[in-house]
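S.K.: using only what follows, build the 3D model:
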Amino acid sequence: MAKNEFDYDLFVIGGGSGGVRAARVAAGEHDAKVGLAEEDRYGGTCVIRGCVPKKLMVFASGYADVVDEAKCFGWDLKAGPFDWHDFKGRLNTELDRLEGVYRKLLKNSGVDTFDARARIKDAHTVALSDGTEKTAKHILIASGGRPVRPEIENAELGLVSDDLFHLEKLPKSILIIGGGYIACEFACILNGLGVEVTQYYRGAQILRGFDDEARGMVAEMMQEKGIDLHLGTNILEMTPSHEDGSGPMKVKPTNGTEKMFDQVLFATGRRPNSDDMGLEELGVKLGRSGEIEVDEYSQTAVPSIYAIGDVTNRINLTPVAIREGMAFVETVFGGKPTPVDHDLVPSAIFTQPEMGTVGLSEEAAREAGPIEVYATSFKPMQGAFAGKADRVLMKLIVCAETRVVLGCHIVAPNAGELIQMVGIAVKMGATKEQFDATCAVHPTMSEELVTMRNPTRTA
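M.R.: Below you'll find the model as predicted:
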């Protein structure tokens, strides 16, 4: 078909960060005719039910200790109760504003938007839930993912992460099932907001896949702050207090101790939104978890169909989805085949304290070859002055042969801010000696990253 035989040069399914970026750049910078369909709210998981509202809740929960700490610095402040209703109202106002920004960005770029669910009819046709069909030379699937519940009786009575932003009131007690970053972040958030938090995780330690020393410190600090963490523990049964499903839940765990909780949150995994889209019928290949299989250019087995973001289950982070979207546009509309770079992606876990990480863990690096580990743990100045027990960790993993810094792991307040800057150096292939040659900023926590002269251990 000639170009003018299609309604659009590009049709995007999904109005999250990755899909919106690809759509508006293709339209605004490459003069492509672009359509986009979103069945829910624009902004996707990150803006509406993920990163943004979660981080605002992190900020809110962080004020719990402010009054006591301020007194140690000479301030006479009075504590009051946390007002969930007031906070939730302000939160919803901000999310509405951000959704409006996304819609405006698309409109100003000339993208046609459709508030509808989309299915793929054939390699160049999208069928919308309003009964219309649109044809496109290229189709980009950016439909994201969703939280899932385990297959146990009454699981539908439990919450998933999406539900937390819509609670009418905070529970007095909650059981969180899971040990990943979502489970741990919400355990810290709700604990900080005054909820009695219990967490069950079936594994030996939370935050599987991250550096052992760093995740061990996070677990220790979570327990120090009052989270009742049970490792090697899973849920067997949950039963509501009343036949209609209301009231506290009676939970029977694998450790045999039954307990009542006002709410149960399942943070046990997510699944790509690839269901009922007509993909497999067209020859688009799906993985075991429903992820769309793509090559390094985000192209599926059907040449005209591409996919980016969480629906591909590569690295499920918003900035990664955005970069995948940009690489897609460069490849398809910019005439520059651009593979997606998933190497050395920095990330942060917004527990309390936060964990920032980039590169290899100590365990992974040790398997690759000889390494030196530089690590220090200490009480930061502000907390120590206030008599707090909190400790921080600064850790570098160095290749013994090349001296290149293979990984950095930080557990500290604002670790996410710190790891963004360290990520630049690690991505550039900086050596330990280049870190050492950088003058320290004193007094700061992060100065330890450039003052550790002798390795803590070698392997």
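
S.K.: measure the closest residue to Glu372 other than its chain neighbours to Phe435 for me?
M.R.: In space, and not counting its chain neighbours, Glu372 is closest to Pro455: 4.0 Å by C-beta to C-beta, 6 or more residues apart in numbering. C-beta coordinates here come from the backbone N, C-alpha and C atoms, glycine included. Distance, Pro455 to Phe435, by C-beta to C-beta, to the nearest Å: 13 Å.

S.K.: give me the more crowded residue out of those two.
M.R.: Higher neighbour count among Pro455 and Phe435: Phe435, with 21 against 16, using other C-beta atoms under 10 Å.

S.K.: check which helix or strand that one maps to.
M.R.: Using DSSP states H and E, Phe435 sits in helix 432-436.

S.K.: immediately after that helix, which helix or strand?
M.R.: Counting by DSSP H and E, what follows helix 432-436 is strand 457-458.

S.K.: quick check: closest non-adjacent residue to the most centrally placed residue in the chain.
M.R.: Among the residues of the chain, the one closest to the centroid is Leu317, at 5.4 Å (C-alpha atoms, centre = their mean). Computed as C-beta to C-beta, 6+ apart, the closest residue to Leu317 that is not its neighbour in sequence is Ser347, at 6.1 Å.

S.K.: isn't the one you found right up against Thr357?
M.R.: Yes: using C-beta atoms under 8 Å, Ser347 is in contact with Thr357, at 6.0 Å.

S.K.: the helix or strand hosting Leu406: what's the following helix or strand?
M.R.: Element membership for Leu406 (DSSP H and E) is strand 405-412. Next helix or strand after strand 405-412 toward the C-terminus (DSSP H and E): helix 415-427.

S.K.: just how off-centre is that following helix within its chain?
M.R.: Centre-to-centre, helix 415-427 and its host chain are 17 Å apart (C-alpha atoms, centre = their mean, to the nearest Å).

S.K.: kindly report the same for stretch 276-290.
M.R.: Using C-alpha atoms, centre = their mean, the offset of stretch 276-290 from its chain centre is 24 Å.

S.K.: flag every buried residue along that stretch.
M.R.: Residues Met277, Leu279, Leu282, Val284, Leu286 are the ones in stretch 276-290 that count as buried (16 or more other C-beta atoms under 10 Å).

S.K.: from one end of it to the other, what's the distance?
M.R.: One end of stretch 276-290 sits 11 Å from the other (C-alpha to C-alpha, to the nearest Å).

S.K.: what does that stretch rub up against?
M.R.: For stretch 276-290, the surrounding residues in contact (C-beta atoms under 8 Å, 6 or more residues apart in numbering) are 13, 118-123, 141, 143, 271-272, 274-275, 292-293, 300-302, 305, 313.

S.K.: show the average pLDDT along it.
M.R.: Averaging pLDDT along stretch 276-290 gives 97.

S.K.: now the phi/psi pair for the residue nearest to the centre of the chain, please.
M.R.: phi -130, psi 140 (degrees, to the nearest 10).

S.K.: and what of the one 4 residues further on?
M.R.: With angles defined as degrees, to the nearest 10, Ala321 sits at phi -60, psi -40.

S.K.: re the thing from before, quick one: strands adjacent to the strand holding Leu406?
M.R.: strand 354-359 (antiparallel), strand 392-399 (antiparallel) (DSSP bridges).

S.K.: in the last one, which residues are buried?
M.R.: This points to strand 392-399. For strand 392-399, by 16+ other C-beta under 10 Å, it's Val392, Leu393, Met394, Lys395, Leu396, Ile397, Val398, Cys399.

S.K.: next one: it to chain centre, how far?
M.R.: On C-alpha atoms, centre = their mean, the centre of strand 392-399 falls 23 Å from that of its chain.

S.K.: quick one: that strand to helix 415-427, angle?
M.R.: 10 degrees (axes from the mean of the first three to the mean of the last three C-alpha atoms, to 10 degrees).
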